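K.L.:
how would this look folded up:
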Amino acid sequence: MFNFNINFTNGAIVKIIDGYDKPYKVTFIDNDNNNIIYNTEIKKGEWSKTNDLFYRNWKIIIKDDKDTTLVDYDINLNNKNVLISFQSRSLGDTLAWIPYVDEFRKKHNCNLFCSTFLNSMFKDEYPDVTFIEPGKLPNDVFAIYKIGWFTPILYNNPQDYKKIPLQQTSSDILGLKFKEIKPKIRILNDNGKPTNYKYVCIAEHSTANAKHWHYPYVNDNRGWQILVDWLNYKGYKVMVISKQHTNLKNVIDRTGSYPLSCRMLEMKYSEFFIGIGSGLSWLAWTLNKKVVMISGFSYPYCEFKSNNIRIINENVCHGCFNDYKFDRGDWDWCPVYKNTKNQFECTRNITPKMIASELVKKSLIDNIGDFNFDIF
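P.N.:
Presented below is the predicted three-dimensional model:
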């Protein structure tokens with residue numbers, strides 16, 4: 001007569017389908033530390049759920065009114081339909097999080113479905129994952145986990161996402177041990193190097209002004225121009241691949257709304273990539289390119305570490321993204337020094353010569369030469 005249902009589609013959920021009219025005691029336990037997360041009493045026809053939406057190694061115990069254990073259930077996703085749903089459209093977020101989807105599948109031997117806004121990038125490289133469009137649900141889904149940066153953090157993210165690497169957002173929510181993993185993607189229509197000269201790819205722009213390189217003054221791109229001129233002086237052509245228009249001179253202007261497949265080809269055959277904390281930096285890293293990241297917006301732990309030549313001035317204010325709540329609606333967000341002479345000092349104090357020196361130090365370029373970096 002007693003009948004129940006357990007699933008994990010919105011936290012851990014228990015429903016008493018049939019049974020006696022007296023209440024049943026339901027206890028939700030984290031098996032990894034034996035902590036009781038929640039307990040309650042429900043009757044036939046009622047249900048209960050946990051607030052925690054991220055993966056826990058759940059144990060669920062159901063007892064009758066005489067304290068007799070009727071159900072002692074440990075979460076088991078083996079051969080079950082599981083959906084992992086990405087809540088961000090961002091290229092960088094998606095590339096950072098996708099490797100842990102397959103790690104989750106391998107650990108739990110589940111039928112893994114995944115929804116992202118960039119499915120075509122991954123379908124061929126993760127053949128054991130079924131990619132579906134956002135908003136769609138697989139049949140008989142047993143568990144759903146949403147990957148993203150949620151407000152409030154409580155119940156959505158196991159810990160404050162600002163205090164951990166971007167990639168760890170995904171591993172945390174999925175209950176996996178964190179290690180830096182490069183995603184797998186395939187470059188379509190790769191017909192070889194598109195040019196007969198050596199070139200460097202750069203990308204000036206991103207989704208927040210706080211991420212931009214503001215040397216020597218706020219909203220001034222002369223730092224980029226000096227860097228371009230030095231690279232030209234050293235024999236490199238410079239290809240600008242931001243979506244946004246560029247005002248830089250003496251560059252190969254490839255700005256505009258090109259498909260990501262074109263960006264991947266451009267990056268693959270470049271000598272290296274120079275950018276900021278943007279999705280294109282994550283894409284270059286995914287393609288095993290050396291990434292020169294000009295950034296004071298975040299702390300070094302936030303982005304990837306391997307193949308990342310990070311240019312940061314830690315002698316001035318920096319890392320605001322990891323210390324303060326980011327206001328996406330404020331283009332000039334600078335939580336400490338907005339509208340003062342110190343606004344965006346994190347990158348205004350990064351000079352072209354600092355970047356050039358680091359490129360030489362990391363053996364990407366042989367020497368600085370006698371180029372004059374002080375000319376504006």
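
K.L.:
how about the residue of the chain positioned farthest from its centre, secondary structure?
P.N.:
The C-alpha centroid of the chain is most remote from K66, which lies 48.9 Å away (CA atoms, centre = their mean). Assigned by DSSP: H, G, I helix; E, B strand; the rest coil, the conformation of K66 is coil.

K.L.:
what does the host helix or strand of K353 contact?
P.N.:
In this assignment (DSSP states H and E), K353 forms part of helix 352-361. Residues from elsewhere that reach helix 352-361 (CB atoms under 8 Å, 6 or more residues apart in numbering): 215, 223, 226-227, 230, 274, 292, 294, 309, 311, 313, 365-368, 371, 373. C-betas here are computed from N, CA, C, even on glycine.

K.L.:
residues in contact with R105?
P.N.:
Contacts of R105 (CB under 8 Å, 6+ apart): 82, 112, 128-129.

K.L.:
residue closest to the middle of the protein?
P.N.:
In the chain, the C-alpha nearest the mean C-alpha coordinate belongs to D93, at 2.7 Å (CA atoms, centre = their mean).

K.L.:
got phi/psi on that residue?
P.N.:
D93 has phi and psi values of phi -60, psi -50 when expressed as degrees, to the nearest 10.

K.L.:
touching, it and F86? I think so.
P.N.:
Yes: if you go by CB atoms under 8 Å, D93 and F86 touch, sitting 7.3 Å apart.

K.L.:
any shared contact partners between these two?
P.N.:
Shared contacts of D93 and F86, counting by CB under 8 Å, 6+ apart, come down to G148.

K.L.:
per-domain residue ranges of this protein.
P.N.:
3-74, 81-173, 199-361 (automatic domain parsing).

K.L.:
circling back: what two of the contacts of R105 are the furthest from one another?
P.N.:
Greatest spatial distance among the contacts of R105 (CB to CB): V82 and D128, at 12.4 Å.

K.L.:
between the two, who's got more neighbours?
P.N.:
V82 (24 against 9; other CB atoms under 10 Å).

K.L.:
wait, a strand at that one?
P.N.:
Yes: according to three-state DSSP, V82 belongs to a strand.

K.L.:
so how far is F142 from L174?
P.N.:
L174 sits 15 Å away from F142, going by CB to CB, to the nearest Å.

K.L.:
equivalent analysis for P194, please.
P.N.:
46 Å.

K.L.:
these two: who's more crowded?
P.N.:
For P194 versus F142, neighbours defined as other CB under 10 Å are more numerous around F142 (19 against 13).

K.L.:
go ahead and confirm the more buried one touches L77.
P.N.:
Yes: using CB under 8 Å as the test, F142 is close enough to L77 to be in contact (6.9 Å).

K.L.:
my guess is H212 meets A203, correct?
P.N.:
No: in this structure, H212 is not within contact of A203 by CB under 8 Å, at 10.7 Å.

K.L.:
name the residues contacting each of these two.
P.N.:
Joint contacts of H212 and A203 (CB under 8 Å, 6+ apart) are I276.

K.L.:
now D64: how far from D21?
P.N.:
Where D21 is concerned, D64 sits at a distance of 12 Å (CB to CB).

K.L.:
helices of the stretch 101-250 of the chain, start to end?
P.N.:
Assigned by DSSP state H, counting those that start in this stretch, the helices in the stretch 101-250 of the chain fall at 168-173, 222-233.

K.L.:
can you lay out those as a markdown table showing mean pLDDT and mean neighbour count?
P.N.:
Output for the helices of the stretch 101-250 of the chain, formatted as a markdown table (pLDDT from 0 to 100; neighbours: other CB atoms under 10 Å):
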| stretch | mean pLDDT | mean neighbour count |
| --- | --- | --- |
| helix 168-173 | 97 | 24 |
| helix 222-233 | 97 | 20 |
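
K.L.:
okay, those in JSON lines with distance to Y55 next?
P.N.:
Below are the helices of the stretch 101-250 of the chain laid out as JSON lines (distance: least, CB to CB, whole Å):
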{"stretch": "helix 168-173", "distance to Y55": "7"}
{"stretch": "helix 222-233", "distance to Y55": "43"}
